[in-house]
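[1] model this:
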Amino acid sequence: MSLRAHLINKWFLLFLITFFSFLPVGCDRQSQPSPSPTPEAAVVTVVPQEVVLTTELPGRTSAYLVAEIRPQVNGLIQKRLFTEGSDVKAGQVLYQIDPAPFQAALNSATASLGRSEAGLPAIQSRVNRFKEALDAKAVSQQDYDDATSALNQAVADIQYWKAMVETAKINLGYTRVTAPISGRIGSSSVTDGALVTAYQPLALATIQQLDPIYVDVRWSTSELLRLQRRLKDGRLAQDGTHQNKVKLLLDDGTPYQSEGTLQFQDVTVDPTTGSVTLRIVFPNSDGILLPGMFVRAVVKEGVNEQAILIPQQAIMRDPKGNPSTLIVGDSDKVEQRMLSLERAVGNQWLVSSGLNPGDRVIVEGVQKLRPGAPVKAVPFHENSHEKTTAGKTVMSSANSQ
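    Okay, the predicted model is just below:
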């Protein structure tokens, strides 16, 4: 064998020895799996907070005062003295009815009154003379009684004609049809020259007072009973002087600039809808609200001083629809909690039972977790969309009737 072949065999043998010496070690390392890292989950810690609970109720606006203008005497309309659709003041003349026949009736009653009053002194003197003569036995008792009766009749006639004069004055005043209230007047149903009758069914015009204005909303009796139970159980507390303050959302969702005041709650349930009516008074100096507008009133139910709120994405439901959530337990393992939910408020759920203060609720990463599995909790961060008023969180829930 040559020297070259000897060197090749030597190097080949050295290569085989080196290869087989490392082969068992490599296979042993591949047979041992590397440990998997503990999964992370974003959590929020349950902290009770003071929450003002509100409910959105649909409703419509209505005028604060409504006056239908009708004539109180018969006659012809001489002139309409207002502009349709304008604001009028109480006492402003709206229509002028022809006053001529009423003026004539007043003049006649005044003349008759004067005639009765003119004859009264002579009759009074006659009674006085007959009384003196009766004492002297110069006239009979019958003559004196006749004179006294004539005096009483004259006095009664004067009173009658005084009443006729007063009636004539009233009727003459009714020829000037005036506005009983201040407000906005609508269209006129008559024109100049129209014949009208006293207290006719058709109103000449209608005046509506729009500042302030009413908002009537309907609240279902089931929601009302639920609220009463929560107040009785102490889960809600009344908010003192601010309890009757109500906010308003216009038909396009724009918040109304001023708050209203809850005036009263009807005592009768509408049998067709199963709801009661709430009447709210709102200022309307700018005239934005008009009668018949659709609005939504944000009514305060009360204050939950120990409310537990969690994000909606933390809630899971079983095939029966029962809500539950996953929490990180004391040993950093996943636990499942069955919950009782009261309502959705914004992007959160209000939990009535199932969670305790300090519980760490898993919000993100739920899909890769199972109860009993270890987990690493990290804080959950999200921009809050809650509204805060006077240091209290305000939560609203829509209530469609």
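[2] what ranges do the helices span in the protein?
    3-31, 100-135, 141-174, 221-233 (DSSP state H).
[3] and those as JSON lines, adding mean pLDDT, distance to Lys320 and mean neighbour count?
    Where you see a C-beta, it was placed from the backbone N, CA and C, and this is true even at glycine. As requested, those are exported to JSON lines (pLDDT from 0 to 100; distance: least, Cβ to Cβ, whole Å; neighbours: other Cβ atoms under 10 Å):
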{"stretch": "helix 3-31", "mean pLDDT": "54", "distance to Lys320": "46", "mean neighbour count": "9"}
{"stretch": "helix 100-135", "mean pLDDT": "91", "distance to Lys320": "81", "mean neighbour count": "14"}
{"stretch": "helix 141-174", "mean pLDDT": "93", "distance to Lys320": "74", "mean neighbour count": "15"}
{"stretch": "helix 221-233", "mean pLDDT": "76", "distance to Lys320": "23", "mean neighbour count": "13"}
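[4] and of those helices, who's closest to Val73?
    Taking Cβ to Cβ, helix 141-174 is the member of the helices of the chain nearest to Val73, at 4.5 Å.
[5] related to what we said a few turns ago, of the helices of the chain, which approaches Glu50 most closely?
    helix 221-233 (15.1 Å).
[6] for that closest one, name the packing helices and strands.
    The contact analysis (3 or more Cβ pairs under 8 Å, 6 or more residues apart in numbering; DSSP states H and E) places helix 221-233 against strand 275-282, strand 294-311.
[7] can you flag the weakest of those strands by average pLDDT?
    If you rank those by mean pLDDT, strand 294-311 sits at the bottom with a mean of 87.
[8] ok, back up a step: redo the helices and strands packed on helix 221-233 as CSV? Include mean neighbour count.
    Shown next, in CSV, are the helices and strands packed on helix 221-233 (neighbours: other Cβ atoms under 10 Å):
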stretch, mean neighbour count
strand 275-282, 20
strand 294-311, 20
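[9] can you list those strands in TSV and add distance to Arg80?
    Below are the helices and strands packed on helix 221-233 laid out as TSV (distance: least, Cβ to Cβ, whole Å):
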stretch	distance to Arg80
strand 275-282	32
strand 294-311	33
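[10] if we can go back for a sec, between the helices of the chain, which one is nearest to Ala198?
    So among these, helix 141-174 is nearest, using Cβ to Cβ, at 8.2 Å.
[11] in this protein, where's the longest strand?
    In the chain, with assignment by DSSP state E, the single longest strand is strand 49-69.
[12] then it to CSV, C-alphas only?
    Taking Å, rounded to 0.1, in the frame of the first residue of the first chain, the C-alpha atoms of strand 49-69 are listed here in CSV:
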residue,chain,number,x,y,z
GLN,A,49,-67.1,52.0,42.5
GLU,A,50,-69.9,54.5,42.8
VAL,A,51,-72.0,54.5,39.7
VAL,A,52,-75.0,56.7,38.8
LEU,A,53,-77.4,54.5,36.9
THR,A,54,-79.6,56.0,34.2
THR,A,55,-82.2,54.8,31.7
GLU,A,56,-83.0,56.2,28.3
LEU,A,57,-86.7,56.4,27.7
PRO,A,58,-88.4,57.4,24.4
GLY,A,59,-90.9,60.2,24.6
ARG,A,60,-92.5,63.2,22.8
THR,A,61,-92.7,66.8,23.5
SER,A,62,-96.0,68.7,24.2
ALA,A,63,-96.8,72.3,24.8
TYR,A,64,-96.8,73.6,28.4
LEU,A,65,-100.1,75.4,27.9
VAL,A,66,-102.6,75.2,25.0
ALA,A,67,-105.4,77.7,24.4
GLU,A,68,-108.0,77.3,21.6
ILE,A,69,-109.4,80.7,20.7
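[13] hmm, back to that, ok, which of the helices and strands packed on helix 221-233 comes nearest Ala90?
    Of the helices and strands packed on helix 221-233, nearest to Ala90 by Cβ to Cβ is strand 275-282, at 19.7 Å.
[14] got the angle between the closest one and strand 49-69?
    80 degrees (axes from the mean of the first three to the mean of the last three Cα atoms, to 10 degrees).
[15] helices or strands up against strand 275-282?
    strand 49-69, strand 205-220, helix 221-233, strand 245-249, strand 260-265, strand 294-311.
[16] got those as CSV, with distance to Pro323 columns?
    Shown next, in CSV, are the helices and strands packed on strand 275-282 (distance: least, Cβ to Cβ, whole Å):
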stretch, distance to Pro323
strand 49-69, 19
strand 205-220, 23
helix 221-233, 18
strand 245-249, 29
strand 260-265, 32
strand 294-311, 10
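[17] looking at those, spot the one closest to Phe282.
    strand 260-265 (3.8 Å).
[18] neighbouring strands - and their directions - for that closest one?
    If you go by DSSP bridges, strand 260-265 pairs up with strand 245-249 (antiparallel), strand 275-282 (antiparallel).
[19] and of the ones you listed, who's closest to Leu65?
    strand 275-282 (11.9 Å).
[20] hmm, who's touching the closest one?
    Outside strand 275-282, the residues that touch it by Cβ atoms under 8 Å, 6 or more residues apart in numbering are 57, 59, 64, 212-221, 224, 246, 248, 256, 258-270, 289, 297, 299, 401.
[21] coming back round to it: could you dump the helices of the chain to a markdown table with distance to Gly354?
    Putting the helices of the chain into a markdown table (distance: least, Cβ to Cβ, whole Å) gives the following:
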| stretch | distance to Gly354 |
| --- | --- |
| helix 3-31 | 46 |
| helix 100-135 | 80 |
| helix 141-174 | 72 |
| helix 221-233 | 17 |
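[22] quick one: contacts for Ile77?
    With Cβ under 8 Å, 6+ apart, Ile77 has these contacts: 95-97, 190-196.
[23] 7 Å instead?
    95, 97, 190, 192-194, 196 (Cβ atoms under 7 Å, 6 or more residues apart in numbering).
[24] of the strands paired with strand 260-265, which is nearest Met293?
    strand 245-249 (10.2 Å).
[25] now do the buried residues in that closest one.
    Buried residues in strand 245-249, defined by neighbour count with 16 or more other Cβ atoms under 10 Å: 246-249.
[26] and if you look at stretch 362-382?
    362-366, 369, 375, 377, 380.
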